[in-house]
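*Asks:* Kindly generate the corresponding structure for this input.
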Amino acid sequence: MGRFSSFGERLASLKIGSVRYNSPKVQVFLIGFVCFLTPGMFNAISNLGAGGAQDVSLVDITSSLLYAMFCLVGFVSGSVHNVIGSRLTLFIGACGYPIYVGGLWALQVHHVRPFLIVSGAILGACAGLLWTAQGTIMMAYPMEKDKGRSFGIFWAVFSMGAVVGASIALGIQWKQGKEPNASTGVYLAFTILMLCGVAASQLVLPAKHIVREDGTLVELEATLSVKEEVREFFRQFKDWRMLALFPMFFASNYFYAYQGAVVPFIFNGRSRALSSLITNLGAVIGGLFVGFLLDLIPAQRRTRAMIGWLVVFVFVGSVWGGGVAFQRLFSRVPTPEESWRLDYNEGHAPQAYGLLFMYYFTDSLFQGLAYYIMASLSNNPFKLARMTGYYKSVQSAGAAISFGMDAVKTPYLTEQIVSWLLMFCSMPLALLVIRTIKETNYDDEQTLHVEDVPEDKLHAALPAGHHAAHHDLETASESRFKEEQEYHERP
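*Replies:* Just a heads-up that it's a prediction; the model follows:
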């Protein structure tokens, strides 16, 4: 880890043209790339339906345990992140993904069932750490005017991992014809890519090395003491807004079990791979749409958030309402042999592809709004780490319950309607929180510029070799500050 750390700090001093390695945009792209190779690939294989396997019940049990562990670890992962730092948190979190794919591989090739369950629990614990580090970097590093685009860029890069992974699976599966399961080559390819993601996690810089485009520092301190973190952890629950966001957080991943269950019912092996490709393209487009929408509307920040809320509300109502009509075409059957298992051009397959695309497009809108609300409440990386941990914990609790609900063979239509109502009913409380959003948090939270920091502290925080670039930042600081002020003064 020491070698990776020193290597990453040397990278912090790099500058190519006007692009600095320690700028928020580069770091958001990098965290997107890490997630491209880890949860992005996980999503690709999950979107094959039951992880590409045919034993949906076993994968449901594993997924329920995975999200239960995600919930437990996620609850404290923000505090763990604040004590051990972003880079170590991210590294540990990334390690769980190749282990899980190994469990799926062992199930398919050797029919080893217990290892899949254990690997799911390991991944759940690791994912809580990875997603907390991700959320902190994505929300805390950028300037306030760039937080919507930050989500859009991250979500597009991350979701492209699932697109590329689905393309790999599709290429391998296409040769298998109408076989119902994913092949060994799919699991091998995904494992290799995820191991690359573990290594890439060490390229991301901690907050103390980041300097924004306006010359402000994200944070001088790398970590907090355990005592300080415990005190702040309990303090966050005194904020009523965290409780009001609970339903939105709970609903945000609830529907994955339903969608993962109907895919192997509808499609055969290769058409499942095509489904994964199409759905993740929907996620990419949705992420870019909502991210840039929330930043580029010429209005104050609270107004933009309200417009984003209205857009999400309309899409949730229309897309999931349309899903009810499609779901009425079929119902759950006792054995896999009674499933449709359509090829890509048979029966209702084209209609199903369109609906799944819109499900994941709407999912990106919903997640983007949730992240934007949190990012609008603070710029402090330690506070945002706790929010992210809370968000991922509650989100995973919902997912764990939904997979448990699917494991006991709940009718598909019931699962669909419950998922829809949870999302729909969470929206009014989210609107109450949006109404509290301030135009800026810079006035309430200490914001440090490079030129305001004593030289000894600056040298301790920023990597050697980077100080030559400070003059450029100081020169740009005033113009960037004016740009930020004009942004906040928009009508």
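
*Asks:* in this protein, what spans have low per-residue confidence?
*Replies:* Residue ranges of the chain with pLDDT under 70: 1-14, 16-17, 47-56, 172-183, 220-222, 447-491.

*Asks:* And the strands in it, which stretches?
*Replies:* Per DSSP state E, the chain carries strands over the ranges 15-16, 19-20, 216-217, 448-449.

*Asks:* Surely Arg149 and Gly291 touch.
*Replies:* Yes. Taking contacts as CB atoms under 8 Å, Arg149 lies within contact range of Gly291: 5.3 Å. For the C-beta atoms, the positions are set from N, CA and C on the backbone; glycine is no exception.

*Asks:* most centrally placed residue in this protein?
*Replies:* Geometric centre of the chain, nearest residue: Trp131, 6.4 Å, by CA atoms, centre = their mean.

*Asks:* contacting residues for that residue?
*Replies:* Pro39, Gly74, Ser77, Gly93, Thr388, Lys392 (CB atoms under 8 Å, 6 or more residues apart in numbering).

*Asks:* Is it correct that the third one is in contact with Thr132?
*Replies:* Yes. In this structure, Ser77 is within contact of Thr132 by CB under 8 Å, at 4.1 Å.

*Asks:* okay, the two: which has more neighbours?
*Replies:* Thr132 (33 against 29; other CB atoms under 10 Å).

*Asks:* mind listing what the more buried one touches?
*Replies:* Listed by CB under 8 Å, 6+ apart, the contact partners of Thr132 are Gly74, Ser77, Gly78, Val80, His81, Thr89, Gly93, Ala385, Thr388, Gly389, Lys392.

*Asks:* swap in Trp309?
*Replies:* Listed by CB under 8 Å, 6+ apart, the contact partners of Trp309 are Leu369, Met427, Ala430, Leu431, Ile434.

*Asks:* if we go to 10 Å?
*Replies:* Trp309 sits next to Leu369, Tyr372, Ile373, Met427, Pro428, Ala430, Leu431, Val433, Ile434 when contact means CB atoms under 10 Å, 6 or more residues apart in numbering.

*Asks:* For the nearest residue to the second one once chain neighbours are set aside, give its distance to Phe366.
*Replies:* Taking CB to CB, 6 or more residues apart in numbering as the measure, Tyr372 lies nearest to Leu294, with 5.2 Å between them; neighbours along the chain are not counted. Note on Leu294: its distance to Phe366, by CB to CB, to the nearest Å, is 13 Å.

*Asks:* Could you measure from the residue nearest to the centre of the chain over to Ser393?
*Replies:* According to CB to CB, Trp131 and Ser393 sit 10 Å apart.

*Asks:* what do those two both touch?
*Replies:* The contact lists of Trp131 and Ser393 share Phe70, Gly74, Ser77, where a contact means CB under 10 Å, 6+ apart.

*Asks:* Just the closest of those to Ile31, please.
*Replies:* Nearest to Ile31 out of the shared contacts of Trp131 and Ser393 is Ser77 (CB to CB; 15.3 Å).

*Asks:* my guess is the closest one meets Gly124, correct?
*Replies:* No. Applying CB atoms under 10 Å, one finds Ser77 not in contact with Gly124, separated by 11.2 Å.

*Asks:* Residues that sit against both of the two, list them.
*Replies:* Taking CB under 10 Å, 6+ apart as the contact rule, Ser77 and Gly124 both touch Phe70.

*Asks:* just to revisit the earlier point, so what sits against both of Ser77 and Thr132?
*Replies:* Common neighbours of Ser77 and Thr132 (criterion: CB under 10 Å, 6+ apart): Thr89, Gly93, Ala385, Arg386, Thr388, Gly389, Tyr390, Lys392, Ser393.

*Asks:* do you know how far the nearest residue to Val118 once chain neighbours are set aside is from Glu219?
*Replies:* By the measure of CB to CB, 6+ apart, the closest residue to Val118 outside its immediate chain neighbours is Gly103, 7.1 Å from it. Distance of Gly103 to Glu219, computed by CB to CB: 37 Å.

*Asks:* So for these two, which sits in the more crowded spot?
*Replies:* The neighbour comparison of Gly103 against Glu219 (other CB under 10 Å) goes to Gly103, with 26 against 20.

*Asks:* List the contacts of the more buried one.
*Replies:* Gly103 sits next to 51, 59, 62, 112-123, 187 when contact means CB under 10 Å, 6+ apart.

*Asks:* please redo it, this time with the cut-off set to 8 Å
*Replies:* Gly103 is in contact with Thr62, Phe115, Leu116, Ile117, Val118, Ser119, Gly120, counting by CB under 8 Å, 6+ apart.

*Asks:* got the residues you listed as TSV, with distance to Val164 and neighbour count columns?
*Replies:* Below are the contacts of Gly103 laid out as TSV (distance: CB to CB, whole Å; neighbours: other CB atoms under 10 Å):
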residue	distance to Val164	neighbour count
Thr62	24	29
Phe115	27	16
Leu116	24	24
Ile117	28	17
Val118	28	14
Ser119	23	25
Gly120	23	27
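
*Asks:* Show me which of those is closest to Ser419.
*Replies:* The closest of the contacts of Gly103 to Ser419 turns out to be Thr62 (CB to CB; 20.0 Å).
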